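Engineer: Build the 3D model from these lines:
(chains A and B)
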Number of protein chains: 2
Amino acid sequence: MPKLYVALIHYPVVNKNGETIASALTNLDLHDISRAAKTYGIEAFLVVTPLEDQKDLVEKIISHWTTGIGAEYNPKRRSALELIRIYDSFPEALDRIAAVEGCYPITVATSARKYPASISNEKLRAMLTNGKPHVLILGTAWGLTEEFISRADYVLEPIVGKTDYNHLSVRSAASIIFDRLLG
Amino acid sequence: MPKLYVALIHYPVVNKNGETIASALTNLDLHDISRAAKTYGIEAFLVVTPLEDQKDLVEKIISHWTTGIGAEYNPKRRSALELIRIYDSFPEALDRIAAVEGCYPITVATSARKYPASISNEKLRAMLTNGKPHVLILGTAWGLTEEFISRADYVLEPIVGKTDYNHLSVRSAASIIFDRLLG
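Structural biologist: Presented below is the predicted three-dimensional model:
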């Protein structure tokens, strides 16, 4: 069985001008990506942000839907949001996966650009059948920093549709990648 | 070349209790679905709502990103949102497509449930190669009404992931279906 984790990075990412920033949380990223993760059997959804107020916000959103009135109103939302784990940094997230799995996961960054080391969805889909833990890394804002990408074991090829427009939301990209890898 | 339109229906849809309602607009539906539509070469993104204040809201969002400061800030967003057309009703949207195409489009409803008349993504992908206009119909809230679905020419099979959880957001579902049909 494929063992895939997904991480949504709010730091370090770049802004429109290529500067490294910590991005603000988007509420619907949590909902859409956790629901897609639940649909495709993803192990956990790792939300990475070093900002204390943003971590509080994630906790509040999760709590509303998992223990608050939201849990009663919509139990399906609860079971998806329960996949979320919050971490200060990506290395901290990796340490937690290693503690659970007994080994560090293979890291796969995503980008709207192609790299010499880019691998195809078919290749990653085949790699996942070995049962080793992998973590798919999604960037917010204008994407992961080059330094971050260079440290990943692999980079997934960008999603190409029918045109040369490649500005999907991270929510759309996550959904399509899950379907290509696990659908 | 496939000629696919996508329609996002805010009326008639059902609420949690199965009652027919007009749903409220979700800002990120417009952004995410128009960006995915642009990526996959969709002809136009038809937003259907009979509510005047909601139509005004759509106009305002589009205007901000196509003629306002948003257009300057992010031209990529502009070229996606320019795909949006707003209609009072689905029949009105069909009339407009017919006026442009010279014939009425084949209608394909979507649902999280399977119907006797459901067709697979592969089948619809093959149908699209005949070059005739098709319109893929997405419901907001808890989905399209049964009566609406029964009037469509076809119903697309639900998206099945790796689990029996099928509660994707309409934004995720649209992205995955575009990729399956046109990717």
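Engineer: going forward, measure contacts between C-alpha atoms and count neighbours the same way
Structural biologist: Will do.
Engineer: What confidence value was assigned to the residue lying closest to A:Val14 once chain neighbours are set aside?
Structural biologist: Distance criterion C-alpha to C-alpha, 6 or more residues apart in numbering or on different chains; nearest residue to A:Val14, sequence neighbours excluded, is A:Thr20 at 4.5 Å. Confidence at A:Thr20, expressed as pLDDT, is 98.
Engineer: Distance from the chain centre to the helix or strand bottoming out on mean pLDDT in chain A, please.
Structural biologist: Least confident helix or strand of chain A, by mean pLDDT, DSSP states H and E, is helix A:69-73 with a mean of 81. The chain centre lies 25 Å from the centre of helix A:69-73; the measure is C-alpha atoms, centre = their mean, to the nearest Å.
Engineer: tell me the average confidence for the helix or strand following it?
Structural biologist: As assigned by DSSP states H and E, the chain's next helix or strand after helix A:69-73 is helix A:75-81. In this model, helix A:75-81 has a mean pLDDT of 88.
Engineer: Which residues belonging to helix A:75-81 are considered buried?
Structural biologist: A:76-81 (16 or more other C-alpha atoms under 10 Å in any protein chain shown).
Engineer: Also stretch A:154-165?
Structural biologist: For stretch A:154-165, by 16+ other C-alpha under 10 Å, it's A:154-159, A:161-162, A:165.
Engineer: Now tabulate those in a markdown table and tack on secondary structure, pLDDT and distance to chain B.
Structural biologist: Shown next, in a markdown table, are the buried residues of stretch A:154-165 (DSSP: H, G, I helix; E, B strand; the rest coil; pLDDT from 0 to 100; distance: C-alpha to the nearest C-alpha, whole Å):
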| residue | secondary structure | pLDDT | distance to chain B |
| --- | --- | --- | --- |
| A:Tyr154 | strand | 97 | 22 |
| A:Val155 | strand | 97 | 20 |
| A:Leu156 | strand | 98 | 16 |
| A:Glu157 | coil | 96 | 14 |
| A:Pro158 | coil | 95 | 12 |
| A:Ile159 | coil | 95 | 9 |
| A:Gly161 | coil | 91 | 5 |
| A:Lys162 | coil | 89 | 5 |
| A:Tyr165 | coil | 92 | 5 |
